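Novice: what follows is a predicted protein model with its sequence.
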Amino acid sequence: MTTMLDQDRYGTLTEPATLTIARLLPGPVERVWAYLTDSDLRRQWLAAGAMEEKAGAPVELVWRNDELTDPPGQRPDGFGDEHRMTCEVTRIDAPHLLSISWGSTGGVTFTLEEKGDEVLLTIVHQRIEDPEVRLNVSAGWHAHLDVLEARVHGTRAEPHWDNWTRLRTEYAERLFG
């Protein structure tokens, strides 16, 4: 796997239908873990939804992407102001590993690895078979991680939807050339 930190913040296809994307974030690991598992913190960069930290527990994720940044940017056609998905925790080893089911794909695994005072967050989203979905998911994870990175650094993220739209174009070139 290619390291995707300072020189390349983009996700890569580590298998034909598996996206891997990583970010180095300020620690401690428990802080980053909370942004994955606590609904109030997770809604600030991804999606709200209560999560019991045990395998088999249901998780309803609720995206309200217009609330992630101020201003939110121009929402693309076809996207509503809210999206919901029911998932399930499939593996958990707090505070280092969280795997959840993810709609029609093979699921998402978040791993946290301590690197001194920082934490390497790696997201692996498996079995994204449909190329259009893979494109949206790639731009989506990247844009959401941009918001998370801004939050944990105490800086302002660029408008979410504008960033997603730009990234979608860039990922189309990267993934499908």
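Specialist: Alright, I've got the coordinates. As the structure is a prediction and not an experimental result, all values here were calculated from the model.

Novice: show me the contact partners of stretch 97-108.
Specialist: Identification of contacts with stretch 97-108 by CB atoms under 8 Å, 6 or more residues apart in numbering yields 17-18, 33, 36-37, 59, 85, 87-92, 109-112, 123-129, 133, 137. (C-beta placed from N, C-alpha, C; glycine too.)

Novice: end to end on it, go ahead and measure it.
Specialist: This stretch, stretch 97-108, spans 11 Å end to end (CA to CA, to the nearest Å).

Novice: neighbours around the residue lying closest to L98 once chain neighbours are set aside, how many?
Specialist: Among residues not flanking L98 along the chain, F110 sits closest, at 4.6 Å (CB to CB, 6 or more residues apart in numbering). Using other CB atoms under 10 Å, F110 is surrounded by 20 other residues.

Novice: swap in L36?
Specialist: 21.

Novice: and it, what is it in contact with?
Specialist: Contacts of L36 (CB under 8 Å, 6+ apart): R42, L98, F110, L112.

Novice: and for E129?
Specialist: E129 sits next to A17, T105 when contact means CB under 8 Å, 6+ apart.

Novice: change it to 7 Å
Specialist: By CB atoms under 7 Å, 6 or more residues apart in numbering, the residues touching E129 are A17.

Novice: please name the nearest non-neighbouring residue to the residue minimising distance to the centre of the chain.
Specialist: Nearest to the mean C-alpha position of the chain, by CA atoms, centre = their mean, lies W141 at 3.9 Å. Closest residue to W141 apart from its sequence neighbours, by CB to CB, 6+ apart: I21 at 5.2 Å.

Novice: now for the helix or strand encompassing that neighbour, which elements pack on it?
Specialist: Per DSSP states H and E, I21 falls inside strand 18-26. Helices and strands touching strand 18-26, by 3 or more CB pairs under 7 Å, 6 or more residues apart in numbering; DSSP states H and E, are strand 12-15, strand 118-126, helix 131-153.

Novice: switch to 10 Å and redo it
Specialist: Packed against strand 18-26 by the contact rule (3 or more CB pairs under 10 Å, 6 or more residues apart in numbering; DSSP states H and E) you find strand 12-15, helix 29-37, strand 105-115, strand 118-126, helix 131-153.

Novice: tell me the helix or strand right after the longest one.
Specialist: The reference is to helix 131-153. helix 160-176.

Novice: which one of the contacts of L36 is nearest D66?
Specialist: R42 (16.3 Å; CB to CB).

Novice: give the contact list for the closest one.
Specialist: Counting by CB atoms under 10 Å, 6 or more residues apart in numbering, R42 touches A34, Y35, L36, A48, G49, A50, M51, V59, L61, V62, H144, L148.

Novice: ok, now which ones touch G140?
Specialist: Applying CB under 10 Å, 6+ apart to G140 gives the contacts G11, L19, L46, W63, N65, H125, V133, H160, W164, L167, R168, Y171.
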